[in-house]
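Colleague: Sequence and predicted structure, then a few things I'm wondering about:
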Amino acid sequence: HQSDSLGTVRKLNEVTVVARQELISTDADKLTYNVQADPQAEGGNLIDILRNVPMLSINSEDNVMLNGSSDYKVLVNGRPTGMLARNFNQLIKTIPASSIKEIQVITNPPVKYDAEGIGGIINIVMAKRLKSGYSGSIGTQGSNLGTASGNGYINAQLGKFTVSANASGTSFRNPIVYGVTDVENYTSEDYRYQRLDFNSNNSFSSGAFSLEASYEPDSLNLITLSGWANFQKMLSDYDITETFWNTGHLKTIEMNEPTVRTNRYKTFSGELAYQKTFRNDGGILTFSYAIDGNPNSTENDVIVVPILNYPDYHRHSFNTEHTIQQVGQIDYFATLQKTHQIESGAKYTLRSHVADSQDELWDYAEEKWVIDDSNVNDLDYQQHIFAAYASYGYRFSKLTLKAGTRLEYTLNRGLSKSASGNLTFDNSNFNIVPYLNAAWKIDSRNTLSASYTRRLGRPSVTYLNPYIFEESPYSKMHGNPDLRTVVSDALTLTYRTSGETWDLTARTYGSLCNNKIEYLSEVYPDGGKVSTYRNAVIHNHIDEMLSFSWSPGERFSLQTSAMLGYNWFHAPSLEQKNDGIGWSFDLSSNVDLWKGAMGFVAGSISGGETTLQRTYHGVDYVYSLGLRQGFLQNRLILTARAIMPFQNRYNGSTRDTYAENYHQHNVSWYNPRQFYLGLTWRFGKTTINLRHAKKTEVSDKL
């Protein structure tokens, strides 16, 4: 008889498996960027990662563009959150990249997603480290510009309970931006030419905390509770010299305008969800309720120091806004006999918004503040969105088909209160959102897919609010309560092929829109400019993207992508057209240098951004390099990064705006050189849990 003894059995406190992960994956309707496979995630922020994601670009004003468009929806873990709704371009500089699992760029979202976002969806999936025991990390980062940040994460699982918490705080100062704006006003004799010489100095601080907990009584039931709290403050100092000349090039007005603007944003979010899995078909039924609160305020102080032909002027304005969004949702998903997939659900969203404003003018004769009601517009606004969706998928051999429809009914009610009286506006929209998807797996290494959907662009409260915001005595802007929902139809074709060490994706995307919202400006004979939003533009777009990744061995990898697109704009009511070619290219690479050390480089370049009235000339680009060194079995990680280290002046794109009655030319520059040093410590005690409950994930693939 042979002994069954296994010898000495040792319990492992922790098992670490090291493997090179795929950085980019694609399917018919989305691209997924695996942040945890990017070495820049350690010691970097979200903005550093977004620059490496195909289809995303960041221009010289730090605005994130999706296929050249700024009209998209940002989700966190598949749901909207007020935390990222405001000041997204600044907040991405504060979120630690190590807290993110992946970034999904969804250009043709299935019907389970809200139809909002003309360009598509950017879904930021936060990292979850679910092991028995506990684990966590703490990190800090600093830069030569005065950036100081700290973050901490902890995860613990004990039996059926899991809890994770994140906390972070950041303070930084943007580089000082210098610029010149020249305007020719065709309607004016005395104020034909205008020049603004300006510099802006912005500082930003934020603090955030999130908590997520789950209870799994058995493999068929799951309860989750999550919450966010975020606080932001942005202080902007502007120094502007404004000069006017008449048609004879004689100076008519000159003044200096020091301006201070303070923005405060707060977000409180929470979600409670219950998930039920059925034994017979493996179907998943989910009930969820979410709430977001966003109390925000803006304080603007404009002073005019007269130099020629302008009186003393001092305006102080306050604007407070409070938005609450509540969402109730039910979803069902099931895969039947491995070849059929069904999805259905219903959702109700209530958005309530209250805005109050007050303007004061300094009376130099009486030496006191006087209330000015001429610009005041207080707004009470509610938006109700009723949605229902259903989809069916079928897999036959190498062919997968999926079709669905989403129905959305929107009811808007608002009351604008101003010195001239109250204005009530009500409007409603009913939209049918179809979705079609076909994927053909040619063989194990080649896949071809096509996807069609419709996207909606609902104007935000900022676009609707008629409050008149005075940037300077000669420049004002306001919202438009008559804006309608934008409708866009999009088609995507994707081909993917791969080898043992490489992967190539080619994607063609096109969209048609007949009522795009555009930010338009008009000038007047007195030299003033007023800007607002209008549904005035027909917009057609097409682009081609190539994405390539190569990992010939365990010590080196390279990823690159390129995009070339064409935009055509036409506003019949304005008798104006414009078109342009946009493009972008990005590259990132990393190499193992010695034990525990990795070097990485990244760069991106883009150009050709175009709107109805604006054309960008030149290019926007950024490059960085860095080194990551691990100590103590990679529990302690030191990261050093340099952004554009070989330049002390960066000239962004020049921008030309052409309208019926004026032409505007803008150029700006700043010092882009930045150096970062970050330190992260990982800790914890985890064990392998063989009886961990199996969770079924809802996949967009059949």
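Modeller: On my side now, so go ahead.

Colleague: For the rest of this, base every contact and every neighbour count on C-alpha atoms.
Modeller: Noted.

Colleague: Which parts of this structure are helices?
Modeller: Along the chain, counting by DSSP state H, helices occupy 46-50, 88-91, 461-464.

Colleague: What lies in contact with the last one?
Modeller: When you say that, I think you mean helix 461-464. Residues outside helix 461-464 that contact it (CA atoms under 8 Å, 6 or more residues apart in numbering): 353, 478, 479, 480, 481, 482, 483, 533.

Colleague: follow-up on the earlier one: let me have the helices of the chain in CSV, extended by distance to residue 205, mean neighbour count and mean pLDDT.
Modeller: Formatted as CSV, these follow (distance: least, CA to CA, whole Å; neighbours: other CA atoms under 10 Å; pLDDT from 0 to 100):
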stretch, distance to residue 205, mean neighbour count, mean pLDDT
helix 46-50, 16, 20, 85
helix 88-91, 9, 18, 77
helix 461-464, 23, 18, 82
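
Colleague: Quick check: which of those helices is nearest to residue 402?
Modeller: helix 46-50 (29.8 Å; CA to CA).

Colleague: returning to that earlier point: for residue 505, state which of the contacts of helix 461-464 is nearest.
Modeller: Lowest distance from residue 505 to the contacts of helix 461-464 (CA to CA) belongs to residue 533, with 37.1 Å.

Colleague: ChimeraX command to pick out the buried ones of the contacts of helix 461-464?
Modeller: The following ChimeraX selection, which keeps only the buried ones among these, applies the criterion 16 or more other CA atoms under 10 Å:
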select :353,478,479,480,481,482,483,533
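
Colleague: now, which of the contacts of helix 461-464 sits nearest residue 53?
Modeller: Distances from residue 53 to the contacts of helix 461-464, taken by CA to CA, are shortest for residue 533, at 30.1 Å.

Colleague: Ignoring the adjacent residues along the chain, who's closest to residue 519?
Modeller: residue 533 (4.6 Å; CA to CA, 6 or more residues apart in numbering).

Colleague: Now do the contacts for the one you found.
Modeller: 463, 479, 480, 483, 517, 518, 519, 520.

Colleague: which residues touch stretch 649-658?
Modeller: Counting by CA under 8 Å, 6+ apart, 60, 607, 613-620, 663-672 sit against stretch 649-658.

Colleague: what are the ranges of the strands in the stretch 451-600 of the chain?
Modeller: In the stretch 451-600 of the chain, strands defined by DSSP state E, counting those that start in this stretch lie at 469-472, 475-477, 486-498, 502-523, 529-553, 556-571, 576-592, 597-607, listed in chain order.

Colleague: Kindly report the same for the stretch 601-702 of the chain.
Modeller: Using DSSP E, counting those that start in this stretch, the strands of the stretch 601-702 of the chain run over 614-617, 619-631, 636-643, 650-651, 654-658, 662-670, 674-687.

Colleague: chain center to the third one, what's the gap?
Modeller: So that's strand 636-643. Taking CA atoms, centre = their mean, to the nearest Å, one finds strand 636-643 lying 25 Å from the centre of the chain it belongs to.

Colleague: excluding its backbone neighbours, what's nearest the most centrally placed residue in the chain?
Modeller: Nearest to the centroid of the C-alpha atoms of the chain, with distances taken as CA atoms, centre = their mean, sits residue 74, at 5.0 Å. Leaving aside its sequence neighbours, residue 74 sits nearest to residue 122 (CA to CA, 6+ apart; 4.9 Å).

Colleague: Show me the shaky parts of the protein.
Modeller: Residues of the chain meeting the criterion pLDDT under 70: 1-21, 28-29, 43, 59-61, 82-87, 128-132, 653, 686-702.

Colleague: Any idea which of the helices of the chain gets closest to residue 683?
Modeller: It's helix 46-50; of the helices of the chain, that one is closest to residue 683 (CA to CA) at 22.7 Å.

Colleague: Give me the helices and strands touching that closest one, please.
Modeller: strand 56-58 (3 or more CA pairs under 8 Å, 6 or more residues apart in numbering; DSSP states H and E).

Colleague: who does the strand it packs on pair up with?
Modeller: strand 64-66 (antiparallel) (DSSP bridges).

Colleague: can you pull the buried residues of the strand it pairs with?
Modeller: Within strand 64-66, the residues that count as buried by 16+ other CA under 10 Å are 64, 65, 66.

Colleague: wait, the second one sits on residue 58?
Modeller: Yes: using CA atoms under 8 Å, residue 65 is in contact with residue 58, at 6.0 Å.

Colleague: on that earlier part again, could the buried residues of strand 64-66 go into a markdown table alongside distance to residue 297?
Modeller: Output for the buried residues of strand 64-66, formatted as a markdown table (distance: CA to CA, whole Å):
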| residue | distance to residue 297 |
| --- | --- |
| 64 | 24 |
| 65 | 26 |
| 66 | 28 |
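
Colleague: Considering those, which is situated nearest to residue 95?
Modeller: For these, the nearest to residue 95 is residue 64 (14.8 Å; CA to CA).

Colleague: so which of the strands of the stretch 451-600 of the chain gets nearest residue 369?
Modeller: Closest to residue 369 of those is strand 469-472 (CA to CA; 17.1 Å).

Colleague: hmm, back to that, need the strands of the stretch 451-600 of the chain in TSV with distance to residue 423, can you?
Modeller: Shown next, in TSV, are the strands of the stretch 451-600 of the chain (distance: least, CA to CA, whole Å):
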stretch	distance to residue 423
strand 469-472	18
strand 475-477	18
strand 486-498	23
strand 502-523	22
strand 529-553	18
strand 556-571	28
strand 576-592	31
strand 597-607	42
